[in-house]
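>>> got a predicted structure here, sequence first:
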Amino acid sequence: MDELLSIKDLTVKFYTYEGVVQALDNVNLDINREETFGLVGETGSGKTLTALSILRLIPPSGRIESGSIYLHVDGNSEPINLLELSEDEMRELRGSRISMVFQEPGSALNPVYTIGDQISEVILLHRQRELARKALSSVTEQMETGRGLFNLAAKPVRLLESSIFRRASQNPNSLLLRVIRRIPLVRRLLTRLSHEANQMAIDALKEVEIPDPYRITQRYPHELSGGMKQRAVIAMALACSPRFLIADEPTTSLDVTIQAQILELLRRLKEEGKSSVLYITHDLAVAAELCDRVGVMYAGSLCEVSPVEDLYANPLHPYTIALLAAVPKPGQEPQAIGGAVPDPMNMPPGCRFHPRCSHAMPVCQEQAPTMRRQVPGHFVACHLHQGENGGNSG
């Protein structure tokens, strides 16, 4: 299975008045095509920041110090280093090639715009050629079927619309279209594009199984339940058929029934769209149900990466073992992990987990372990396990 996204030696720091926060430390990760990769760990381990780094949306005080993030657009072209792109180039990729479903749907939606307007905005930004073709087809059909004096009088306008949409389908960023968009009276000729975008927004809501999608496009976020808002956010993320979807704990605030529906929806959409998913969660049961491979993060670094079946059957890193022991099981008392996540401004030397590890050795306090392969596909960063030097955890 070939790679879609490759993260190499990613290091992110935050510069605050109190000191430097070591948020991510040499993260190496590969995500394959048509794969669901789960990223698990305690709150504050760096899961969401890894996702925001891929989209280059880290807060202003943060800085990507080193590393690279390569996106393999297709099998025939060279991969793109996202960290070397301009902001305009990244804006083209966000929402089209890469989309993200945020943890809180309420904060991801603008309260003063309808659901339809917000989904249509994404479509108008990234699918202009397709919209222009649909609008051109609609105008051509009207011209071919039109009869009577009214249609004869409207013919010059239809011809002008046809010319504009044909130009837009060839080059959405042409100078003529940019001029038209700036002139209020002439801009009305482009309203057909908005109509087509709204229809595509309705289709996107149908894909996420929202009942009566036309009515929902007229609603504002506060008029929807949590589950409906999350579906709308997923529809917005998938509106442009991205090759890579990031889902940041999308079911955390939902009840169990809606959680199951959202997980099934993500699974179905991934299979039908042949896309890859980075699923961020702290729920190990959800990761086991949904993911093909799982990466375990602790204090800004990856400590274990494995196929999901192998990780649960044979966890190797002491932190992974402790996480699994903390999951409630029938007839067993969950075992809490002793200690606390280290202060990001004062990380312990060597292995970051050693102050909480019952298997810590002197070398753990002096030297940070490297990620090494134990068996095919199973990588671990721990001095207890000396395997092959694994490089990227792919």
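Yep, that arrived. From a predicted model like this one, the values you see are computed outputs, not experimental measurements. Numbers count the residues shown, from 1 in each chain.
>>> excluding covalently adjacent residues, which one is nearest to the most centrally placed residue in the chain?
Nearest residue to the geometric centre of the chain (C-alpha atoms, centre = their mean): residue 246, 1.9 Å. Excluding the flanking residues, the one nearest residue 246 by C-beta to C-beta, 6 or more residues apart in numbering is residue 100, at 4.2 Å. From N, CA and C alone the C-beta is placed, and that goes for glycine too.
>>> the one you found looks like it's in a strand, true?
Yes: assigned with DSSP: H, G, I helix; E, B strand; the rest coil, residue 100 falls within a strand.
>>> hmm, it is touching residue 55, no?
Yes: shown here, residue 100 and residue 55 form a contact pair, counting by C-beta atoms under 8 Å, at 6.1 Å.
>>> name the residue in those two with the higher neighbour count.
Set residue 100 next to residue 55 and count neighbours by other C-beta atoms under 10 Å: residue 100 wins out with 24 against 17.
>>> list the contacts of the residue nearest to residue 361 when sequence neighbours are not counted.
Once flanking residues are discounted, residue 361 sits nearest to residue 383: 6.2 Å by C-beta to C-beta, 6+ apart. By C-beta atoms under 8 Å, 6 or more residues apart in numbering, the residues touching residue 383 are 351, 361, 363-364, 367, 369.
>>> and what of residue 56?
Going by C-beta under 8 Å, 6+ apart, residue 56 touches 64, 82-83, 90.
>>> if we can go back for a sec, which of the contacts of residue 383 are buried? Put it as a PyMOL command.
In PyMOL, this line selects whichever of the contacts of residue 383 come out buried by 16 or more other C-beta atoms under 10 Å:
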select buried, resi 351+364+369
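>>> for the contacts of residue 383, give me TSV that also has distance to residue 313, secondary structure and pLDDT.
Listed next are the contacts of residue 383 as TSV, based on distance: C-beta to C-beta, whole Å; DSSP: H, G, I helix; E, B strand; the rest coil; pLDDT from 0 to 100:
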residue	distance to residue 313	secondary structure	pLDDT
351	24	coil	93
361	26	coil	92
363	28	helix	93
364	25	helix	93
367	29	coil	92
369	22	coil	92
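>>> as CSV, the contacts of residue 383 with distance to residue 40 would be great.
Listed next are the contacts of residue 383 as CSV, based on distance: C-beta to C-beta, whole Å:
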residue, distance to residue 40
351, 19
361, 25
363, 26
364, 22
367, 25
369, 19
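>>> tell me the one of the contacts of residue 383 nearest residue 164?
residue 369 (60.9 Å; C-beta to C-beta).
>>> for the closest one, which non-adjacent residue is spatially closest?
residue 381 (4.5 Å).
>>> distance check, that neighbour against residue 67.
Distance of residue 381 to residue 67, computed by C-beta to C-beta, to the nearest Å: 16 Å.
>>> which of those two has more neighbours?
Legend: neighbour count by other C-beta under 10 Å for residue 381 and residue 67, higher for residue 381 (27 against 18).
>>> for that one, give me the pLDDT.
pLDDT, residue 381: 94.
>>> do the same with the one 5 residues further on
The score at residue 386 is 73. That number is its pLDDT.
>>> helix/strand/coil for it?
Secondary structure for residue 386, judged by three-state DSSP, is coil.
>>> from now on call the first residue 457
Yes, from this point I'll number from 457; that puts the last item at residue 842.
>>> nearest spatial neighbour of it, skipping sequence neighbours?
Nearest-residue entry for residue 842: residue 828, 6.7 Å, with adjacent residues in sequence omitted and distances by C-beta to C-beta, 6+ apart.
>>> equivalent analysis for residue 693, please.
Excluding its sequence neighbours, the residue lying closest to residue 693 (C-beta to C-beta, 6+ apart) is residue 555, at 3.8 Å.
>>> follow-up on the earlier one: quick one: the residue nearest to residue 825 from residue 723, how far?
Note on residue 837: its distance to residue 723, by C-beta to C-beta, is 30 Å.
>>> which stretches of the protein form strands?
459-472, 475-488, 492-496, 518-527, 536-537, 554-557, 700-704, 732-736, 749-754, 757-763, 828-831, 834-836, 844-845 (DSSP state E).
>>> how far is the third one from where the chain is centred?
Translated: strand 492-496. Here strand 492-496 is found 12 Å from its chain centre; the criterion is C-alpha atoms, centre = their mean, to the nearest Å.
>>> and that strand, what does it pack onto?
Judged by 3 or more C-beta pairs under 8 Å, 6 or more residues apart in numbering; DSSP states H and E, the packing partners of strand 492-496 are helix 503-511, helix 712-729, strand 732-736, helix 740-746, strand 749-754.
>>> so can I have CSV of these showing distance to residue 466 and mean pLDDT?
Output for the helices and strands packed on strand 492-496, formatted as CSV (distance: least, C-beta to C-beta, whole Å; pLDDT from 0 to 100):
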stretch, distance to residue 466, mean pLDDT
helix 503-511, 6, 95
helix 712-729, 24, 83
strand 732-736, 14, 95
helix 740-746, 21, 90
strand 749-754, 12, 96
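>>> so which of the ones you listed is nearest residue 671?
helix 712-729 (19.3 Å).
>>> what residues does the closest one touch?
Taking C-beta under 8 Å, 6+ apart as the rule, helix 712-729 contacts 490, 492, 663-665, 682-683, 686-687, 690, 694, 697, 701, 703, 706-707, 710, 731-733, 735, 742, 745-746.
>>> hmm, 7 Å instead?
For helix 712-729, contacts defined as C-beta atoms under 7 Å, 6 or more residues apart in numbering pick out 492, 664-665, 683, 686, 690, 694, 697, 703, 706-707, 710, 733, 742, 745-746.
>>> which of those are buried?
Buried members of the contacts of helix 712-729, counted by 16+ other C-beta under 10 Å: 492, 664, 683, 686, 690, 694, 697, 703, 706-707, 710, 733, 742, 746.
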